[in-house]
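> Provided below for reference: sequence and predicted model.
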There are 4 protein chains.
Amino acid sequence: MVKGGLALKRIGVVTSGGDAPGMNAAIRAVARAAYCAGVDALGFEHGWDGLIHNRARSLGPREVGGILELGGTVLQTCRCPQFKDVASQKKAAETLAANKVDGLVVIGGDGSFRGALALSKLTPAKIVGIPATIDNDVYGTDETIGFDTAINTAIGDIDKIRDTAVSLDRVFIVEVMGRQRGFLAAMIGLTVGAELILVPEVPYSVAGVINAIREHEASGKRSGIIVAAEGVGGAREIAEAIERDLGLEARISILGYAQRGGNPTARSRYLACEFGNHAVDLLLGGSGGRAVVLRDGRVTDISLEESCSGTKELDLELLTMARCLSR
Amino acid sequence: MVKGGLALKRIGVVTSGGDAPGMNAAIRAVARAAYCAGVDALGFEHGWDGLIHNRARSLGPREVGGILELGGTVLQTCRCPQFKDVASQKKAAETLAANKVDGLVVIGGDGSFRGALALSKLTPAKIVGIPATIDNDVYGTDETIGFDTAINTAIGDIDKIRDTAVSLDRVFIVEVMGRQRGFLAAMIGLTVGAELILVPEVPYSVAGVINAIREHEASGKRSGIIVAAEGVGGAREIAEAIERDLGLEARISILGYAQRGGNPTARSRYLACEFGNHAVDLLLGGSGGRAVVLRDGRVTDISLEESCSGTKELDLELLTMARCLSR
Amino acid sequence: MVKGGLALKRIGVVTSGGDAPGMNAAIRAVARAAYCAGVDALGFEHGWDGLIHNRARSLGPREVGGILELGGTVLQTCRCPQFKDVASQKKAAETLAANKVDGLVVIGGDGSFRGALALSKLTPAKIVGIPATIDNDVYGTDETIGFDTAINTAIGDIDKIRDTAVSLDRVFIVEVMGRQRGFLAAMIGLTVGAELILVPEVPYSVAGVINAIREHEASGKRSGIIVAAEGVGGAREIAEAIERDLGLEARISILGYAQRGGNPTARSRYLACEFGNHAVDLLLGGSGGRAVVLRDGRVTDISLEESCSGTKELDLELLTMARCLSR
Amino acid sequence: MVKGGLALKRIGVVTSGGDAPGMNAAIRAVARAAYCAGVDALGFEHGWDGLIHNRARSLGPREVGGILELGGTVLQTCRCPQFKDVASQKKAAETLAANKVDGLVVIGGDGSFRGALALSKLTPAKIVGIPATIDNDVYGTDETIGFDTAINTAIGDIDKIRDTAVSLDRVFIVEVMGRQRGFLAAMIGLTVGAELILVPEVPYSVAGVINAIREHEASGKRSGIIVAAEGVGGAREIAEAIERDLGLEARISILGYAQRGGNPTARSRYLACEFGNHAVDLLLGGSGGRAVVLRDGRVTDISLEESCSGTKELDLELLTMARCLSR
């Protein structure tokens, strides 16, 4: 229980930002790992809001039972722009003190990590971040909790759309989540065998899209799937160009919010277990200001500072490979 | 083999209109039932187009192996507006004659049935329709092949969206397929426990929607799902009113084309088996101009004429029950 | 609220016997329909046990929120052999009186219905049964809550097993649930395209099985699926005969308990909604001693007496059709 | 096309041993990567058998279309004990020469790798192995194609079994695949939150099992899931001890062959793409006698010799963590 410093007494847990499948598995992992170490766990409800307004509830081992496989977050979450104000952050620090919380685990994406970093400067409590977002856009970690589930949900849907594409000789432009980044689009596109993948990181032209589809047609394909991150935009324009220039039927399908929810896959659960366990280990060891990450296939940690300072790069080799394998 | 008339020699099969999960199971059922009766089966490719342009292929028992569980249609299909012209229909009749097809099974929705009816007046071949469309809007049958699969695909997605709705206290307006009719929306809404269901058959007002959500809020709900048929429209306006008048976050999600595809459910496969088998029985018995239907829980048939003349009613009791059960 | 008699005040709900997907949807339907009629709902926990030992809890509209899509039963259930004793039944009657329950909905299979019938003779409370069992073996109803879900779970698994069967040219004997009856096996076998279906209602011989597989082989199949109800037995013997007499690899796979659980399908949820709603309607109308049933595609009811007196027949035509369609 | 040596002309592909989801994705990846490099691809059917008896077919880019998402292997596979004989291996070498195959990709498990290594000594063709088996027991790679799919299939089933366990206060002993090794059992057990995990690598005693369940009971749990690798055995004995010593109902469920099949998950498809692509890169670069592996989260390769010489260790920390997190 006491590793490398003063004994920790109570670990707080908060889920923040957009929900991601596996957040509940991570809550459970933190609460149970705390319990195994003889430390209390306390959940704050509704994201930063619960820290600002002191809405907490006990997270004993039975209270986190039966949630491992549930999507969403039983602690609820929220987009909380006011947490950018120092006043709100101070209130959160007071809430931690009032609840005698000396370690806090923040489960969320990069916005949540920035909040965690800011808060860490106003409280003696140690803070550790666990990356959980379907977008996989947290710097410093190869993967986030929820990413694998979102991909699998999307490919399940696109496999179905493929049935219609093939049956009707159509081209579908399928918009997947990702306003800023193409991590989801790249992996989804690769694993459904998309004829073309469009990501915000790589500019495209309608003429280029038409050429790509024309090449596929020349090689004998009569239907196709274009996977596009929502941040790319232009789906309508592309569809019209396909119909006009190639004489093919084109349709748009927006996968939407289903990608955010659902029972987490094994991998999202696995990462949630590992990350939650490691977060508690860090707190027990007296470390704070850390972000748990997956790096080189191993669970480790970096400073929150580092995680908040970088921008994760999309591996463009994935797109090159996807292009080759879809020929 | 010879029941009540001249021996049938060759049964043609065509899938027409939008694809529906279970079409392949129906193709297999027709081909295998024909085989069991010692009759050849011949598939026409790409909907009416294949009949107009005489593109056919054999459907022997091994050639329909392994397709029972596949979405889409291995014969492909198309929207074929030119089949409304008598000239096209005559060409189709010639194709039937050229291929010595004396019985034709048309698998599709109400538009396909109207084509089948028109064709039946120009050919000596007997024609039987099998209702297959996710929309369930074919008059005379309680259910169509594909309807059950589309509902299950949709509820799988909406169950996931519910995770996010609950986690973030949000209202989601989920648009499901159904441009003209609310069969899908009603069953989907009922079975996901939607807080509100909007169908084209029942006019709505934004004020009414706001009232409905307000009542749910008053009874303690902090999130909600509105299931709306796409033909209802106005999702944007509703979302804005919810945010403005109720102060709740609202989001729109359009389920899209995934509802059309995917492995058919047991029920869609079951109907496909029964319908295909019954269609062949009708042809073997010398009947033509019939539509296979499910009525009062039993597989039977009505005239194509009757099927094309009526408009199927949506059971509004479903909506009343759904409203009560979602309170 | 008051239909055809004295006003009902409180409806009890109990789930009994084996669990079935959709039981929760039925609990919700009963509780919400009661709420809409201004009647209290009270759940008894752990099957008849909760009635014998008076373990009850309120089932207000919010208390049944979020359970529609969950497998199992939040009220829990049990196999309760002691409920065959009149002493136990009397205790249950006393519990109903002590809780002022004047209407009871029993959700379960035929054993539960027999218990309900016995109890109905010892209490003034009106009792209505809702058929819920994956086995579909309740007399008087075409379908039970949970049957459709179990079939879909099984065909999902068998579609996977088919991958291996085809990849390795193997015959698989897949045992599905059904100790006494073949309803599940017949529908599963038909909808996966099983090469052979074995049910307890139809005696089989190993020689007959061998002949059937040999015919499939002769027609060009190199792998196969035999779906057998667990009550049929003999899987080992069949497998050995296939290996010995046909020189084919044979394997056995027992699908097991996963068939009992899982999120209910749309159809299981739909039946749960309709059945729960109708059960409350019956009680509100002063009817007791009834079983809700699906007959000729419509929800209606028969006497519990009748339901308990008959034995449901398996439609052997299904097997004939399945045999033809798998050729 | 020509990297570091003589130009490669034709790449052969064979799937061998048990099938694994993602094998088709790997076949497609090899064939398409070869195509992109201007090299022919040729598939050998039915595992080593096809090499021994020279049964090959072209794997052009269109011929591997539509298989990415299919379970099993379109090339089929077999257990082929006779390939341990040098005579058979020599025949395979002759087949390679006869077909002018100068590079061969062997997709399979450790047995297949041993065959590949043996063959590599008898042929000038370069041979590269791709690890594909649900068992994840190939030395040198952190993960094999198919492992992630098998886990997800199993946890889907066990989540369902959990519904019944909880509804009936039962303990289930769920046997998952793994005759010799516990990789599957460990990951499945962790990600379903099993109360106990039994693997062949760690001896167990019935008394120890009873103690573990008793502790769970003491902490308030009334049901449980024991995940056991099939190689552990003793399920019957454990079940009886639980019923006898703890007075709890216990049931056994064997997940069986469904774990082998089904559409590959995103991760299995991803690994298949990467591994297939890397295998072709190796061959194009003139390398042979290599095994593609995932190491430290990256795709790389080791010698076939090394891969065949070691025994992969199960990370027992996983079990420790699982034990803590299930409390």
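Nice, I can see it.
> Leaving out chain neighbours, which residue sits closest to the residue in chain A that chain D sits nearest to?
Using CB to the nearest CB, A:G297 is the residue of chain A that sits closest to chain D, at 3.2 Å. Backbone N, C-alpha and C define where each C-beta goes, glycine included. Closest residue in space to A:G297, ignoring its immediate chain neighbours: D:G297 at 3.2 Å, by CB to CB, 6 or more residues apart in numbering or on different chains.
> The one you found and A:D142 touch, don't they?
Yes. At 5.9 Å, D:G297 and A:D142 qualify as touching, with contact defined as CB atoms under 8 Å.
> how much space between A:R267 and A:P21?
Here A:R267 is placed at a distance of 10 Å from A:P21 (CB to CB, to the nearest Å).
> where does chain A have low pLDDT?
A:1-6 (pLDDT under 70).
> how does it look with 50?
Residues of chain A meeting the criterion pLDDT under 50: A:1-5.
> The residue nearest the centre of it: what's its closest spatial neighbour, skipping adjacent residues?
Of all residues in chain A, the one closest to the mean position by CA atoms, centre = their mean is A:T133, 1.6 Å from it. Setting aside the residues directly before and after it, A:T133 is nearest to A:G109 in space (CB to CB, 6+ apart), at 3.5 Å.
> What is the neighbour count of that neighbour?
23 (other CB atoms under 10 Å in any protein chain shown).
> Repeat that for A:V299.
Other residues close to A:V299 by other CB under 10 Å number 17.
> A:I252 too?
17.
> give the contact list for it.
Residues in contact with A:I252 (CB atoms under 8 Å, 6 or more residues apart in numbering or on different chains) are A:F172, A:I173, A:V174, A:E175, A:A235, A:R236, A:A239.
> cool, A:L283 as well?
Contacts of A:L283 by CB under 8 Å, 6+ apart are A:L8, A:I11, A:G103, A:V105, A:K126, A:V128.
> out of those residues, which one sits closest to chain B?
A:V105 (17.3 Å).
> Hmm, the closest one is touching A:V14, no?
Yes. The pair A:V105 and A:V14 qualifies as a contact (CB under 8 Å) at a distance of 7.5 Å.
> Please identify which helix or strand holds A:I107.
strand A:103-108 (DSSP states H and E).
> again but with A:I210, I slipped
Short version, using DSSP H and E: A:I210 is in helix A:206-218.
> That helix near chain D at all?
No. Where contact is defined by CB under 8 Å from any CB of the partner chain, no part of helix A:206-218 touches chain D; the two come within 10.3 Å at best.
> which helices and strands sit right next to that helix?
strand A:196-198, strand A:224-229, helix A:235-241 (3 or more CB pairs under 8 Å, 6 or more residues apart in numbering or on different chains; DSSP states H and E).
> now these in TSV, with mean neighbour count and distance to C:N152?
Formatted as TSV, the helices and strands packed on helix A:206-218 follow (neighbours: other CB atoms under 10 Å in any protein chain shown; distance: least, CB to CB, whole Å):
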stretch	mean neighbour count	distance to C:N152
strand A:196-198	27	33
strand A:224-229	27	27
helix A:235-241	16	34
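> touching chain D at all, the helix or strand hosting A:L318?
A:L318 is part of helix A:316-325 when elements are defined by DSSP H and E. Yes. Helix A:316-325 lies within reach of chain D by CB under 8 Å from any CB, at A:M321, A:A322, A:C324, A:L325.
> Can you tell me which of those are buried?
Neighbour counting over these (16 or more other CB atoms under 10 Å in any protein chain shown) leaves A:M321, A:A322, A:C324, A:L325 as the buried ones.
> ok, which pair from those residues is furthest apart?
A:A322 and A:C324 (7.4 Å; CB to CB).
> Show me what from the stretch 201-327 of chain A comes close to chain D.
Near chain D, when you scan the stretch 201-327 of chain A using CB under 8 Å from any CB, you find A:219-221, A:263, A:265-267, A:269-270, A:273-274, A:276-277, A:294-298, A:321-322, A:324-327.
> Now intersect those with the strands, please.
A:L294, A:R295, A:R298 (DSSP state E).
> The last one touches D:D296, doesn't it?
Yes. Using CB under 8 Å, A:R298 is in contact with D:D296, at 7.1 Å.
> about what we covered before: mind listing what's buried in the strand holding A:I107?
A:G103, A:L104, A:V105, A:V106, A:I107, A:G108.
> Setting aside sequence neighbours, what's the nearest residue to A:T15?
A:T73 (4.2 Å).
> and A:G12, how many neighbours?
For A:G12, using other CB under 10 Å, the count is 28.
> how about the residues of the stretch 1-150 of chain A near chain B?
Counting by CB under 8 Å from any CB, the stretch 1-150 of chain A sits next to chain B at A:15, A:18-19, A:21, A:46, A:70-73, A:76-79.
> From these, list the buried ones, please.
Buried among the residues of the stretch 1-150 of chain A next to chain B by 16+ other CB under 10 Å: A:T15, A:G18, A:D19, A:P21, A:H46, A:L70, A:G71, A:G72, A:T73, A:Q76, A:T77, A:C78.
> Around the closest residue to A:D110 other than its chain neighbours, how many other residues sit close by?
Closest residue to A:D110 apart from its sequence neighbours, by CB to CB, 6+ apart: A:V138 at 5.1 Å. As a burial measure, A:V138 scores 28 neighbours (other CB under 10 Å).
> what do you get for A:A218?
Neighbours around A:A218, by other CB under 10 Å: 8.
> what do you get for A:A272?
Neighbour number of A:A272 under other CB under 10 Å is 30.
> correct me, but it touches A:A26?
Yes. Using CB under 8 Å, A:A272 makes contact with A:A26 at a distance of 4.0 Å.
> Show me whatever sits in contact with both of the two.
A:A132, A:I145.
> Contact partners for A:P131?
A:G108, A:G109, A:F113, A:V138, A:T141, A:T144, A:I145, A:F275, A:A291, A:V292, A:V293, A:S307.
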